[in-house]
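J.: what's the 3D shape of this:
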Amino acid sequence: MFSGISAGYSIAPVSQPEIATRRVFHRKHARDSFFDSRSDLPIFSVDQHYWHYILLGAIMLVHRYFTGNNPELSETDRYSTAPRRRVSMSPGLWDNQDTTSGGQAPDHVIVPADWSDNAARAFAEIACYKGRLPRFTRQIGATNVPEALWRSGLDKQALKAAPKEQRYTFENNAFDVIARISGGIAYAGWRQGYFDDAEQALNFRAELAELLLTRRMVPGPHIWAEAGLHWAYGINGDDTDGLGGYCLSKDQQGVEHTESLLEYPRLSDLGGGTATVTERRIDAAGDHDAAMAALAEAAATDWQAASTLVGAQLLDTTLDAFAKTLKAVTPAPVAELVANPDITRAIMDCRQAGVPDTLTARALQLHASGRSDRLAAWAKQASRNSGLSDAQRDRLTLGLSNELLEQAVMAEAAGDDNAVATGAMAEAASLLDGLGWAGWTSGQPATSFNDSVRDWSPVPAEEMTNAANGAVQFVPGVEMPMASIVPAMFLSPNADADAAPDFDLAGYVQASRIALISLDITLSMQHWRSQSAALHARDYRPVAISTGPIGPVLKALHLPYDSDQARATTSGLIALQSAIATGCSAELAQELGTCPAGSTGNADMLRVMQNRALAAQGAESGYDALGIQPIPFNADDCVIDGLGEAVISAWTDASTIVAGCGQRNLFTTCISEPTRADLIADVFQPALSAAYAYMADEEPSALAQIEMIAACQPYLSGGIAMTVAMPTDTELAATSDLILKAWRRGCKQLSLFRTAGPSDQPWGLPYQLAELDDEVEEQPEAVALAESVEQSRNRKSMPARRKGYTQKATVGGHKVYLRTGEYEDGSLGEIFIDMHKEGAAFRSLMNNFAVAISMGLQYGVPLEEFVEAFTFTRFDPAGPVEGNETVKMATSVLDYLFRELAISYLGRDDLAHARPEDVRHDSLGTGDAQGDLPDAPLAADLLHRLTSRGYIRERLHEGAIGKSDAQAKAMSMGYLAEPCAHCGNLTVMPTDMGPTCRTCGTRSKAGHSYDEALG
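T.: Numbering: from 1, shown residues only. Here you go, the predicted structure:
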């Protein structure tokens, strides 16, 4: 079908006179030549140049790719025949406070049949409107709107005639929600003139709905929750705080105040006021003192986190004693150091004092690398500061210039030559050393490479001062709607079972195009809380198309993460998506006008587009005004058929069209942090992470992650929000080196985190300690309850040695450790809560909250009361839960904690997100359906896995479940297979002096028993 027009296309740049000619050609021939029916759509290939159609065709010509070109099949028919299923849900998710007016909150949701339970629950919590909705609506006709796009309003007569209990309903059907979103956006697009005729508008609505149903495209949480509410139900929303908001005027050229907050809902999920954590940025090149002060604050925060657990004076004294012990030993690898009995005793002393193993390991690693002085300097500097300011709890980024980093490199080369390394060089070296220490320990602050950010910015450098951090890396204060394209959803099985799966490249292009149009339309149908954010939307029209996790694609294609093929394939997919978005934005600009900053007179924009096209072509030189040359794209290493050629051609054409038409959206693509909405697609990993759940190779190095970021960065409007994970044994010097390597490779920013880096992170030394002859006192619990000033006779004390468990999980990206203590009967008596990477004030608050709950439990307050009080509470951090078998989503940390406690101690399976019978150790399974599973573990192995070895003591384990095996082994070695009465070991042997224990030397006083055994 493509052959009729593809012969005229080539990879050469498209000249400006050709654009108008091709537009006429497309308007006349595209429908017949491209998409006659969905059933015989062509497979994408290089020769067909599908992306040329996307970039050069009239933007109003929206063809059906995923839904076919059958206008007789309406969305209603599609939805009525689609397989679906019901998933039980708690009615508490919906707001049903007034039950007298009718409408009971649902106890389930309806989703497509291929959605998982986790996806269904995420959909219920994120996408479903929580308030009541009118059951009776009517279409409101408009002469200039196609009937299929008429919006709905309240049918007051039908509502009044209906019984009270039947007047209202709730949103719990995925098909209804997706119809609301796609219909509302298509309606707004029609009103703004995006489509030539009704057919194009309906095609757009159908394609958008299909992308949402199949989860190829995942919009941000605000679009899921609020887009189209006014169109579908006629509700306007209340301005509860009386402030209203600001929206774009109908001609998109001005900003107006509005109080109709559901007719113009808030749809932005990225940047500015959407962030849940306050971000702070310091330009280290311009203010060295402020940067060093910020690093000192970060060091103090790390110190105070540990001193909160131990006590500042005890921490200082214990670490000083440990450092003196290390100083007496020659530096050696950590594994050798811990084999020294003196160091082992010092480690046990640290544990006795409550010092976290993370600090012990830090001291060991620094001594092993000859940097013990750095630990002493940190302790001396950090212990001077007391108290926490609000600024210390912000997410901090230090901006570094090329000149500053070059000075640091020269200072490093100068070494100890003080005559050379002075002044600016010394300051740069100290700053880099401080950043390395911060990344090696607490992971804060992040680093931004200012010159690279500005070199790739389409706006003048002065507008990028104090640019936003993370994925945005754009003008400060900007807010934008976002959506993610999930690459794994475009994989399909190959006809050859042994071959890698096919990748739907044409579908990927279509999805990128629909996403750009959808997000641009949402700018005209939303409000912003501040006038400045609305003005930014008018001036730049920023939208954010992000990318879902790439790990599943690499795994399906059998590509190791740290390989040229993986980097080329990943960067190729991101580059193609960005090229399509850029070209589509240029087409919108030609039809509807550019944004004020996107005109062809913007020299910075044109320069950036040309540089991106050069990078896509694999150019080694020729870049305009770049301080750091990007890593060029290598089309030959792409393993997806046609991807390499598509990237080259798409970026060549996109840069040409932008030069002739400008851009409607000056910001189009980035790689953002995962949002709660990503759980609807069953994906919640950073886009460029190794995706350990999918990858078969070993954990990639920090440098491999940096190289993946550098390969993708040139083609994105914004940054890449990804934390580079460093293994525990990373040396301090390597951290500073990673910062320099990221800078040299053209990255815009870098965030580092080392496992066991933060001082208060719960973690145990993974080393075999030396065996000590003398008895070592058992380590006390690291976390102690606050001292009680009064002991009531009604308080039930906890046993000195008690049972319990530790549950590690991540709630909305924040690690939470829950520890429990139980009475002899198994009832809950105390809890401990540890938050990872939080401010000390919040951590202390959670610790004291745990103390309060523990005291309540010990004074007889039923756990049920706490569960009812704290489940479904809503505050950040919130979102998807990772690491817990039964709880997969939480509206707050407290909601997660008390769900877990209720499931574990009260049997409240209704609060679980996974069927409890599937995760219990005594589950019976599903019979033949699981016949290929491995045999169940032995009872001994199962008991070892489910019980605490420390609580019931190893000796009890051996006596309870391993005695017969141990006896048989002992007898085979000549022993009597009876335990020694003194030490309990099975090492009693018959001797001339009578039965004697080979372990402790004790002779039996009850020799007749051994004689009987021998006889």
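J.: going forward, measure contacts and count neighbours with C-alpha atoms only.
T.: OK.
J.: So, low pLDDT: which residues of the stretch 1-150 of the chain?
T.: 1-60, 69-79, 96-103 (pLDDT under 70).
J.: What separation is there between the residue minimising distance to the centre of the chain and Glu620?
T.: Centroid-nearest residue in the chain: Pro674, 3.8 Å away (criterion: Cα atoms, centre = their mean). In this view, Pro674 and Glu620 are 33 Å apart by Cα to Cα, to the nearest Å.
J.: and if you look at Ala912?
T.: Taken as Cα to Cα, the span from Ala912 to Glu620 is 55 Å.
J.: between the two, who's got more neighbours?
T.: Using other Cα atoms under 10 Å as the criterion, Ala912 and Glu620 rank with Ala912 on top: 20 against 13.
J.: I figured the more buried one hits Asn884, correct?
T.: No - using Cα atoms under 8 Å, Ala912 is not in contact with Asn884, being 10.2 Å away.
J.: Mind listing the shared neighbours of those two?
T.: Counting by Cα atoms under 8 Å, 6 or more residues apart in numbering, Ala912 and Asn884 have no common neighbour.
J.: other SSEs contacting the host helix or strand of Leu211?
T.: If you go by DSSP states H and E, Leu211 is part of helix 198-213. In terms of contacts (3 or more Cα pairs under 8 Å, 6 or more residues apart in numbering; DSSP states H and E), helix 198-213 is packed against helix 174-191, helix 505-523.
J.: Repeat the analysis, applying 10 Å as the threshold.
T.: helix 75-81, helix 174-191, strand 217-219, helix 505-523 (3 or more Cα pairs under 10 Å, 6 or more residues apart in numbering; DSSP states H and E).
J.: Tell me which of the ones you listed sits most buried.
T.: strand 217-219 (a mean of 28; mean count of other Cα atoms under 10 Å).
J.: what's it packed up against?
T.: Using 3+ Cα pairs under 10 Å, 6+ apart: strand 217-219 touches helix 198-213, strand 482-485, helix 505-523, strand 544-547.
J.: can you rerun that using 6 Å?
T.: strand 482-485 (3 or more Cα pairs under 6 Å, 6 or more residues apart in numbering; DSSP states H and E).
J.: Of all the helices and strands packed on helix 198-213, which one is nearest Lys250?
T.: helix 174-191 (9.2 Å; Cα to Cα).
J.: Was I right to think Arg85 contacts Ala113?
T.: Yes - with contact defined as Cα atoms under 6 Å, Arg85 counts as touching Ala113 (5.3 Å).
J.: What residues does the nearest residue to Asp155 once chain neighbours are set aside make contact with?
T.: Excluding the flanking residues, the one nearest Asp155 by Cα to Cα, 6 or more residues apart in numbering is Thr137, at 4.6 Å. Listed by Cα atoms under 6 Å, 6 or more residues apart in numbering, the contact partners of Thr137 are 153-155.
J.: one more time with 8 Å
T.: Thr137 sits in contact with 152-155, 233-234, where contact means Cα under 8 Å, 6+ apart.
J.: now it: how far from Tyr168?
T.: 11 Å.
J.: Domains of the protein: list them as residue ranges, please.
T.: 3-56, 75-267, 279-440, 478-721, 806-920, 950-1014 (automatic domain parsing).
J.: Same question for stretch 477-495: list its buried residues.
T.: For stretch 477-495, a neighbour-count test (16 or more other Cα atoms under 10 Å) marks 477-491 as buried.
J.: do the same with stretch 679-692
T.: For stretch 679-692, by 16+ other Cα under 10 Å, it's 679-691.
J.: so which of these comes closest to Leu405?
T.: So of those, ranked by how close each gets to Leu405 (Cα to Cα), first place is Leu688, at 25.9 Å.
J.: need the least confident one among the helices and strands packed on helix 198-213, by mean pLDDT.
T.: Mean pLDDT values for the helices and strands packed on helix 198-213 show the minimum at helix 75-81, a mean of 65.
J.: From the chain's centroid, how far away is the helix or strand that comes right after it?
T.: As assigned by DSSP H and E, the chain's next helix or strand after helix 75-81 is strand 84-88. Relative to the centre of its chain, strand 84-88 is centred 27 Å away, using Cα atoms, centre = their mean, to the nearest Å.
J.: can you state the direction angle for strand 84-88 and helix 174-191?
T.: 110 degrees (axes from the mean of the first three to the mean of the last three Cα atoms, to 10 degrees).
J.: Dump the helices and strands packed on helix 198-213 into TSV; add distance to Val647 as well.
T.: Formatted as TSV, the helices and strands packed on helix 198-213 follow (distance: least, Cα to Cα, whole Å):
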stretch	distance to Val647
helix 75-81	33
helix 174-191	29
strand 217-219	21
helix 505-523	11
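J.: what's the closest of those to Gly434?
T.: Among those, strand 217-219 sits nearest to Gly434 (Cα to Cα), with 38.9 Å.
J.: ok so, going back, what is the lowest-pLDDT residue among the buried residues of stretch 477-495?
T.: Among these, Gly477 has the weakest pLDDT, 84.
J.: Was I right to think it contacts Leu270?
T.: No - Gly477 is beyond contact range of Leu270, at 10.4 Å (criterion: Cα under 8 Å).
J.: ok, now how distant is the residue nearest to Ala426 when sequence neighbours are not counted from Ser430?
T.: Leaving out its chain neighbours, the residue that sits closest to Ala426 by Cα to Cα, 6+ apart is Ala411, at 6.5 Å. Remark: distance between Ala411 and Ser430 (Cα to Cα) = 10 Å.
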